[in-house]
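Engineer: fold the following, please.
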Amino acid sequence: MLKKKIMLGAVSAMTLLSLTACGGSKDIATMKGGKITVEDFYNKAKTQQSSKQIVQNMILSKVFEKKYGDQVKDSEVTKKFNETKKQYGGQFKSALQSAGYTEASYKEQIRQQLAIQKGLEKHVKIKDKDIKSAWASFHPEVSAQIIVLDDKTKADEALKEVKTEGADFAKIAKEKSTDTATKSNGGSVKFDSTSTKIPTNVQTAAYALKNGEISEVITVSNSQTYQSQYFIVKVIKNKAKGNSMNPYIAQLKEIAKQTKLKDQAFQQKVIAQELKEANVKISDSAFSDVLAAYTGTSSSSSAKKSSSKSSTKSSSSSSASEASSSSATEESSSTEASEASTESSSSEAQ
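Structural biologist: Below is the predicted model:
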């Protein structure tokens with residue numbers, strides 16, 4: 001889910017499918033001596049690798065939304081939407097428009113991503129070995145102060161200032177930090193191994209510090225805006241985890257859960273199972289292999305084998321069996337038409 005770049009190309013996929021649904025006879029453009037029809041466009045577009053990826057994503061979203069969509073709360077969608085809106089700031093509206101989204105359609109995209117997340121979570125089973133693995137890298141809560149800047153030169157200058165003897169870190173954070181969530185309280189934060197609000201490499205740097213120590217400038221690249229931020233962290237209280245897991249079992253289970261959810265092998269196994277249960281069929285041979293990453297074979301391979309066997313039997317039969325073959329052909333055509341009506345819709349997640 002999720003998974004989360006705003007420009008996922010889902011709108012391009014919807015445009016492709018909506019145009020196709022209008023029928024191959026509709027003209028997209030006309031000119032002297034020729035024209036471009038919806039069918040021309042579709043036949044060209046479906047050969048592109050990007051179109052295959054879009055169709056794959058649409059299928060996954062449709063399958064998971066059908067089964068788990070009712071478990072997604074409106075409040076969860078709103079929260080994710082507001083988080084993205086905050087990250088993009090004043091550029092959020094233009095980013096939506098560039099991707100072809102309205103606020104409503106982007107919220108629907110988020111809902112689909114959360115449905116996939118819910119589906120993956122349903123398959124998570126935490127074992128003792130998972131908890132022990134989480135314990136190996138676990139760190140309990142740290143109290144600290146941070147300064148966040150968008151410019152490396154300014155960050156270097158701030159670092160010199162906070163490391164000057166007698167410097168007031170909280171005061172400097174209030175004056176210079178660009179992090180609106182923490183600057184008003186002097187950059188005060190608390191985090192542990194389950195926290196997601198503080199970047200992982202900032203947490204790692206903090207865990208290595210003793211009480212009262214200040215880090216060097218830590219560079220953090222934002223995967224959504226492709227911009228860098230620069231952190232300075234001062235540790236106020238760094239608590240050792242000790243030798244017993246018991247006080248932290250709940251946190252360790254959450255870490256183990258998140259680790260499993262991010263594991264590609266786990267994701268593929270779950271998705272393959274859900275696709276099988278949903279009985280997904282690919283009607284257009286151009287997209288026969290879009291689910292191969294999860295099923296291991298193209299979706300049309302079994303149909304081809306079945307068709308081959310039927311053809312062999314037919315060729316060795318008498319005229320009576322030819323009539324039977326004709327009947328079977330009509331039945332096959334009916335089945336293909338039924339499969340063709342199967343809807344596929346998706347987003348990325350990510």
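Engineer: residues of the helix or strand containing Ala136 that come out buried?
Structural biologist: Element membership of Ala136 [criterion: DSSP states H and E] is helix 128-137. Residues of helix 128-137 classed as buried: Asp130, Ile131, Ala134, Trp135 (neighbour count, 16 or more other C-beta atoms under 10 Å). Every C-beta, even on glycine, is put in place using the N, C-alpha and C of the backbone.
Engineer: let's have these in a markdown table, adding distance to Lys234.
Structural biologist: Putting the buried residues of helix 128-137 into a markdown table (distance: C-beta to C-beta, whole Å) gives the following:
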| residue | distance to Lys234 |
| --- | --- |
| Asp130 | 34 |
| Ile131 | 32 |
| Ala134 | 27 |
| Trp135 | 27 |
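Engineer: can you pull out the strands in the stretch 151-300 of the chain?
Structural biologist: Here the stretch 151-300 of the chain has its strands, by DSSP state E, counting those that start in this stretch, at 188-191, 218-221, 228-238.
Engineer: which residues sit against the first one?
Structural biologist: Right, strand 188-191. For strand 188-191, contacts defined as C-beta atoms under 8 Å, 6 or more residues apart in numbering pick out 141-146, 170, 182, 197-198, 203, 206, 236.
Engineer: buried ones among those?
Structural biologist: Glu141, Val142, Ala144, Gln145, Ile146, Ala170, Thr182, Ile198, Gln203, Ala206.
Engineer: any idea how far the residue nearest to the fourth one when sequence neighbours are not counted lies from Lys86?
Structural biologist: Taking C-beta to C-beta, 6 or more residues apart in numbering, and ignoring the residues beside it in sequence, Gln145 has Gly187 as its nearest neighbour in space, at 4.1 Å. Gly187 is 18 Å from Lys86, where distance means C-beta to C-beta, to the nearest Å.
Engineer: which one of the two has more residues nearby?
Structural biologist: Gly187 (26 against 11; other C-beta atoms under 10 Å).
Engineer: list the contacts of that one.
Structural biologist: Listed by C-beta under 8 Å, 6+ apart, the contact partners of Gly187 are Gln145, Ile146, Ile147, Phe169, Ala170, Ala173, Lys174, Ser177, Asp179, Lys234.
Engineer: can we see that at 10 Å?
Structural biologist: Neighbouring residues of Gly187 by C-beta atoms under 10 Å, 6 or more residues apart in numbering: 144-148, 169-174, 176-177, 179, 181, 231-234.
Engineer: now, those residues that are in helices?
Structural biologist: Mapping the contacts of Gly187 onto helices (DSSP state H) picks out Phe169, Ala170, Lys171, Ile172, Ala173, Lys174, Lys176.
Engineer: now render those as TSV, adding distance to Ser215 and pLDDT.
Structural biologist: Below are those laid out as TSV (distance: C-beta to C-beta, whole Å; pLDDT from 0 to 100):
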residue	distance to Ser215	pLDDT
Phe169	11	97
Ala170	16	97
Lys171	18	97
Ile172	14	97
Ala173	14	97
Lys174	19	97
Lys176	16	96
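Engineer: ok, so of the residues you listed, who is nearest Phe266?
Structural biologist: Lowest distance from Phe266 to these (C-beta to C-beta) belongs to Ala173, with 39.8 Å.
Engineer: need the contacts of strand 188-191 in CSV (columns: distance to Thr47).
Structural biologist: Output for the contacts of strand 188-191, formatted as CSV (distance: C-beta to C-beta, whole Å):
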residue, distance to Thr47
Glu141, 54
Val142, 53
Ser143, 57
Ala144, 53
Gln145, 55
Ile146, 50
Ala170, 60
Thr182, 50
Lys197, 44
Ile198, 45
Gln203, 45
Ala206, 50
Ile236, 59
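Engineer: for those, which one is nearest Val38?
Structural biologist: For the contacts of strand 188-191, the minimum distance to Val38 (C-beta to C-beta) is 47.0 Å, reached by Lys197.
Engineer: hmm, that closest one is touching Val148, no?
Structural biologist: No. Lys197 lies out of contact with Val148 (C-beta atoms under 10 Å); the separation is 11.7 Å.
Engineer: what do those two both touch?
Structural biologist: Joint contacts of Lys197 and Val148 (C-beta under 10 Å, 6+ apart) are Ala181, Thr182.
Engineer: could you list the low-confidence segments of the stretch 251-350 of the chain?
Structural biologist: For the stretch 251-350 of the chain, the stretches with pLDDT under 70 are 297-350.
Engineer: repeat the analysis, applying 80 as the threshold.
Structural biologist: Along the stretch 251-350 of the chain, segments meeting pLDDT under 80 span 296-350.
Engineer: which stretch of helix or strand covers Tyr68?
Structural biologist: Assigned by DSSP H and E, Tyr68 falls within helix 49-68.
Engineer: packing partners of that helix?
Structural biologist: helix 10-21, helix 38-45, helix 103-122, helix 264-278, helix 292-295 (3 or more C-beta pairs under 10 Å, 6 or more residues apart in numbering; DSSP states H and E).
Engineer: now those as a markdown table including mean neighbour count?
Structural biologist: As requested, these are exported to a markdown table (neighbours: other C-beta atoms under 10 Å):
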| stretch | mean neighbour count |
| --- | --- |
| helix 10-21 | 17 |
| helix 38-45 | 16 |
| helix 103-122 | 20 |
| helix 264-278 | 15 |
| helix 292-295 | 16 |
